[in-house]
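> this one's sequence-less:
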């Protein structure tokens, strides 16, 4: 489910979805990077064998949020198609539900 939401986020940001847009956005766009890591954290949290991978994604998310100057907990429920254009100083509660 989270990967479908990542496709919607990429479509909103780039106008179409291709995996290379996800990679280039992750590398080049400081406000898109936290959304990618948030979706990866949410995607990997239900795996029983993916615990080390989930911990790695959470660390990546923390670094991405720090680099963007935002506070966005990985447990926040955000619908697909979410885009941040100005990330400095944004604080979102972990219990918040954004979108549908």
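Cool, the structure landed. What you are looking at is a predicted structure, and each value in this text was computed from that prediction instead of being measured.
> longest single helix anywhere in this protein?
helix 51-68 (DSSP state H).
> got the contact list for the closest residue to residue 60 other than its chain neighbours?
Nearest residue to residue 60 in three dimensions, chain neighbours excluded: residue 37, at 4.8 Å (CB to CB, 6 or more residues apart in numbering). In short, each C-beta sits where N, CA and C put it, glycine included. Counting by CB atoms under 8 Å, 6 or more residues apart in numbering, residue 37 makes contact with 57, 60, 61, 64, 65, 74.
> equivalent analysis for residue 38, please.
So residue 38 contacts 61, 72, 74, 76, 78 (CB under 8 Å, 6+ apart).
> quick revisit: of all the contacts of residue 37, which comes closest to residue 32?
residue 64 (9.2 Å; CB to CB).
> surely the closest one meets residue 39?
No: the criterion here is CB atoms under 8 Å, and residue 64 misses it with residue 39 at 11.3 Å.
> packing partners of the helix or strand following the longest helix of the chain?
Scanning forward in sequence from helix 51-68 by DSSP states H and E, the next helix or strand is strand 77-78. With contacts defined as 3 or more CB pairs under 8 Å, 6 or more residues apart in numbering; DSSP states H and E, strand 77-78 has these neighbours: strand 97-98.
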